[in-house]
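Asks: next come a sequence and a model predicted from it.
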Amino acid sequence: MKKILSFALALVMVLSLTAFSVSAENYEEKVIEAKWNFGYVGSSTNANWTNKINPTGANYSYTDVIDMGPAGSTITFADEASSFASASAYVFSFWKKEGEEYVIDTEAANVPGGFGGTARSYTFTTTEANQAIRVCYRSEEKADFTPVHEDIYIDGVKVEVKWNFGYVGSSTNSNWADKVNPTGGQYSYTDVIVVPNAGSKVTFTDTNKNGTGFCSNSAYVFSTWTKSGEEWQFVSGVPGAQSEYTDAVQPYSYTSTKDNELVRLCYNSGETADAPIDPALRPVVTLKTPVAETPVEPPVEPENPGTGDSIISVIAVVLATMSIAVAVTKKRSF
């Protein structure tokens with residue numbers, strides 16, 4: 001009996017440890033669609049913007065308030081910019097509502113910058129439910145310029161693509177003929193787009209929103225590519241039609257010549273190396289939230305058939321079986 005009890009206690013302890021190890025990693029992880037704004041959250045050491053937002057300066061970006069949900073939620077993001085938030089700005093700041101406005105919570109453990117060197121990941125875990133947090137980092141954003149990329153369509157359907165700073169040089173480009181220049185001009189070019197069907201029309205309209213000139217004949221507006229191993233190889237290109245600037249709206253279109261053609265687009269967007277980053281390239285902010293634990297019920301132990309009421313149950317079954325056997329025997333004797 002003591003052995004049985006010892007085994008049962010050991011089983012309960014194992015089950016308890018198992019339940020604990022599962023619940024310790026019971027989190028729901030999601031990417032937060034935070035709205036980013038130009039400016040920064042000044043820290044307590046900032047002489048001009050102590051514990052308040054500076055919406056006009058210093059190459060920073062900050063988010064709207066994020067509701068962190070349950071206590072124990074962890075918020076993270078990776079800052080891969082060339083410079084990092086200084087101690088004069090809070091990387092994580094805590095906010096509370098007064099009427100309809102959010103004000104910084106100066107009593108909270110706001111986290112200033114001050115790190116330098118290589119890319120850094122920032123992490124903070126909340127200590128109470130529904131803490132309101134802003135994230136801030138040195139994005140290199142500036143107030144005087146925001147690049148605008150034109151919408152792209154294939155056969156009338158809008159296509160979402162990644163834009164890059166630089167251009168695809170045409171055959172008349174003395175330095176970058178038939179290859180990508182990732183460091184120059186005021187141009188933007190896309191990653192390769194797969195155009196599924198031959199005869200598809202790829203279009204976009206350069207509306208000159210940034211007050212710049214249009215794609216010159218030293219760059220390809222459309223270029224086609226093929227892949228050799230891990231490298232992209234240029235195939236053909238359609239250069240810009242103008243070598244001089246103009247303020248007219250300029251539509252561009254290209255009709256694919258084969259199925260699954262690989263195409264890049266390029267135009268004079270006004271983007272420069274020190275311009276604000278594209279919103280699509282913002283740091284990804286991830287929120288890992290604890291999920292409510294489901295109680296783990298211990299398994300029901302079968303009763304020991306050798307003790308107590310279990311023995312009586314077994315005897316009853318045996319007697320019932322004997323009665324059936326007798327009944328059958330009697331029936332066969334007639």
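Replies: Yes, it's here.
Asks: helices of the stretch 1-150 of the chain, start to end?
Replies: 2-24 (DSSP state H, counting those that start in this stretch).
Asks: poorly predicted segments of it, please.
Replies: 1-26, 80-82, 115-119, 144-147 (pLDDT under 70).
Asks: so what's T106 up against?
Replies: Neighbour list for T106: 44, 51 [criterion: CB atoms under 8 Å, 6 or more residues apart in numbering]. For every residue, glycine as well, the C-beta is placed using N, CA and C.
Asks: what's the distance between it and N46?
Replies: 13 Å (CB to CB, to the nearest Å).
Asks: same thing with D206?
Replies: D206 sits at a distance of 41 Å from N46 (criterion: CB to CB).
Asks: now do D67
Replies: Look at D67 and N46: by CB to CB, they are 26 Å apart.
Asks: could you do S61 as well?
Replies: Separation of S61 from N46 (CB to CB) stands at 16 Å.
Asks: likewise S121?
Replies: Applying CB to CB, the value for S121 to N46 is 24 Å.
Asks: and those two? Which one has more around it.
Replies: Taking neighbours as other CB atoms under 10 Å, S121 and N46 compare with N46 leading, 20 against 10.
Asks: now do the same contact list for the more buried one.
Replies: Residues in contact with N46 (CB under 8 Å, 6+ apart) are 88-89.
Asks: please report phi then psi for it.
Replies: Main-chain dihedrals, N46, degrees, to the nearest 10: phi -80, psi 120.
Asks: contacts for stretch 150-161 next, please.
Replies: By CB under 8 Å, 6+ apart, stretch 150-161 touches 190-191, 193, 195, 200-207, 209, 265, 267.
Asks: in strands only, show me the residues you listed.
Replies: 190, 193, 195, 201-206, 265, 267 (DSSP state E).
Asks: what subset of the residues you listed is buried?
Replies: When neighbours are counted using 16 or more other CB atoms under 10 Å, the ones in strands among the contacts of stretch 150-161 contain these buried positions: 190, 193, 195, 202-204, 206, 265, 267.
Asks: which of these scores worst on pLDDT?
Replies: Comparing pLDDT over those, the lowest score belongs to D206 (84).
Asks: surely that residue is in contact with Y252?
Replies: Yes - between D206 and Y252 a contact is recorded at 6.6 Å, counting by CB atoms under 8 Å.
Asks: shared neighbours of those two, anything?
Replies: Each of 215, 267 lies in contact with both D206 and Y252 under the rule CB under 8 Å, 6+ apart.
Asks: can I get stretch 36-44 in CSV, CA atoms only?
Replies: Only the C-alpha atoms of stretch 36-44 are listed here, as CSV (Å, rounded to 0.1, in the frame of the first residue of the first chain):
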residue,chain,number,x,y,z
TRP,A,36,5.1,55.7,-36.6
ASN,A,37,5.5,59.5,-36.3
PHE,A,38,8.4,61.9,-37.0
GLY,A,39,10.1,63.1,-33.8
TYR,A,40,11.1,61.6,-30.4
VAL,A,41,10.2,61.2,-26.7
GLY,A,42,12.5,63.4,-24.7
SER,A,43,14.0,61.8,-21.6
SER,A,44,14.4,63.3,-18.1
